[in-house]
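[1] sequence first, predicted model second:
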Amino acid sequence: MKALVYEGIETLAIRDVSDPVPGDGEHLIKVEAVGICGSDMHAYLGHDARRPAPLILGHEAAGVIVGGPRDGARVTVNPLVACLTCPACQSQRENLCPNRQIISMPPREGAFAQYIAMPGRNLVDVPDDVPLKIAALAEPLAVSWHTVKLALAALHPAMEKRALVIGGGAIGLAAALALRAMDITDITIAEPNAARRAFLQDQCSETAVEAATGEYPVVIDAVGYAATRAIASARALPGGVIGHVGLGDDAGGLDVRRMTLQEITFIGTYTYSAQDFRDAAQAIFDGRLGPLDWTENRPLDDGPQAFADLRAGRVAAPKIVLDPWG
């Protein structure tokens with residue numbers, strides 16, 4: 001099969017590789033759509049030791065089951081494979097499973113390829129009227145759904161229902177959509193990239209600003225750098241909540257003294273539970289997250305250029321979705 005292989009820092013190539021062989025309880029899936037995630041970009045830049053070259057990246061996938069009793073079923077893929085037996089899994093917190101695996105990290109190759117193999121329990125059926133390029137957004141939407149759910153659960157009921165989202169990429173926009181689906185309508189996205197800010201305003205009808213001012217009961221940091229954590233801890237209202245989902249870097253930024261004196265809750269969030277993934281997928285199918293028409297779609301062969309364009313800041317759309325068969 002054809003695959004986009006990460007071969008070293010800022011080096012990707014289309015290669016012919018062996019087709020995956022499904023194990024017990026797994027299905028072979030023809031990948032029809034796969035999104036480029038910020039974590040793929042971190043690996044591409046050599047910033048993620050969990051993803052060593054050579055490796056097939058990509059974990060935001062949807063496609064069609066090939067062969068077996070479910071041949072032809074249209075599915076979106078939960079890329080997190082948990083053990084199901086540990087205390088975390090038994091309490092439906094599969095994202096904290098100490099034995100978890102995610103496609104695009106060894107030992108599981110990723111979905112920038114024409115086929116992947118996944119356990120049946122990781123697949124969610126997609127209605128016929130939902131395009132697979134939209135169904136592939138279930139993974140990033142689930143990430144933000146999980147973050148927003150935890151942040152709102154920690155918010156004091158007396159607080160106003162307003163939110164600041166830092167970062168207007170896919171996770172930031174997905175956080176805004178999740179907030180709205182959970183009845184928060186006063187939402188501001190802080191995005192320094194002018195082209196992306198214009199896209200959010202003109203194509204997504206979001207309130208997007210270059211730099212946030214004022215204070216907010218809920219702050220979602222969808223970037224995760226020291227600079228954005230500094231913004232989050234400065235812009236959180238006393239008694240408010242910061243949901244931190246970005247993985248830009250791992251040190252600095254938080255004003256711990258202010259957060260302590262003002263009782264600001266900080267929640268680190270990682271991926272999603274299996275139920276969060278199903279809930280986010282259902283929200284897509286029900287139309288509660290809007291038309292989701294904010295992706296840029298390219299063939300897999302254009303993958304190296306797509307990464308280079310993202311690296312250079314030349315992409316206004318929050319998400320590029322690749323088609324392995326395009």
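    Thanks, I have it. Numbers count the residues shown, from 1 in each chain.
[2] which parts of this protein are helices?
    For the chain, applying DSSP state H gives helices covering 38-44, 87-90, 132-135, 138-154, 170-181, 194-204, 226-235, 256-261, 274-286, 303-311.
[3] can you name every helix or strand that the last one contacts?
    Using 3 or more Cβ pairs under 8 Å, 6 or more residues apart in numbering; DSSP states H and E as the contact criterion, the secondary-structure elements in contact with helix 303-311 are strand 11-16, helix 38-44, strand 319-323. C-beta: built from backbone N, CA, C; applies to glycine.
[4] ok, the fourth one next?
    In terms of contacts (3+ Cβ pairs under 8 Å, 6+ apart), helix 138-154 is packed against strand 60-66, strand 74-77, helix 170-181, strand 216-221, strand 236-244, strand 265-268, helix 274-286.
[5] deepest-packed of these, please.
    strand 216-221 (a mean of 28; mean count of other Cβ atoms under 10 Å).
[6] angle of it against helix 170-181?
    On the basis of axes from the mean of the first three to the mean of the last three Cα atoms, to 10 degrees, strand 216-221 is oriented at 150 degrees to helix 170-181.
[7] give me the sheet partners of strand 216-221 and which way each runs.
    Here strand 216-221 is paired, per DSSP bridges, with strand 162-166 (parallel), strand 236-244 (parallel).
[8] do you know which of the ones you listed lies nearest Glu191?
    strand 162-166 (8.5 Å; Cβ to Cβ).
[9] the helix or strand of the chain with the lowest mean pLDDT packs against which elements?
    Least confident helix or strand, the chain: helix 38-44 with a mean of 92, by mean pLDDT, DSSP states H and E. Secondary-structure packing of helix 38-44 (3+ Cβ pairs under 8 Å, 6+ apart): helix 303-311.
[10] redo that, cut-off 10 Å
    Other helices and strands packing on helix 38-44, by 3 or more Cβ pairs under 10 Å, 6 or more residues apart in numbering; DSSP states H and E, are strand 2-8, strand 11-16, helix 138-154, helix 303-311.
[11] will you turn those into CSV that also has distance to Ala170 and mean pLDDT?
    Supplementary listing: the helices and strands packed on helix 38-44 in CSV, determined by distance: least, Cβ to Cβ, whole Å; pLDDT from 0 to 100:
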stretch, distance to Ala170, mean pLDDT
strand 2-8, 18, 97
strand 11-16, 19, 98
helix 138-154, 5, 98
helix 303-311, 11, 97
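[12] which one of the ones you listed lies closest to Asp48?
    That would be strand 2-8 among these, by Cβ to Cβ, at 10.1 Å.
[13] return the distance of the closest one from the chain's centre.
    A distance of 21 Å separates the centroid of the chain from that of strand 2-8, by Cα atoms, centre = their mean, to the nearest Å.
[14] look up the closest residue to Ala212, ignoring the ones flanking it.
    Ala190 (4.3 Å; Cβ to Cβ, 6 or more residues apart in numbering).
[15] against Gln114, how distant is Gly326?
    Applying Cβ to Cβ, to the nearest Å, the value for Gly326 to Gln114 is 11 Å.
[16] about what we covered before: can I get the strands paired with strand 216-221 in CSV including mean pLDDT and distance to Ala222?
    Below are the strands paired with strand 216-221 laid out as CSV (pLDDT from 0 to 100; distance: least, Cβ to Cβ, whole Å):
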stretch, mean pLDDT, distance to Ala222
strand 162-166, 98, 6
strand 236-244, 98, 9
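[17] all good on my end, thank you.
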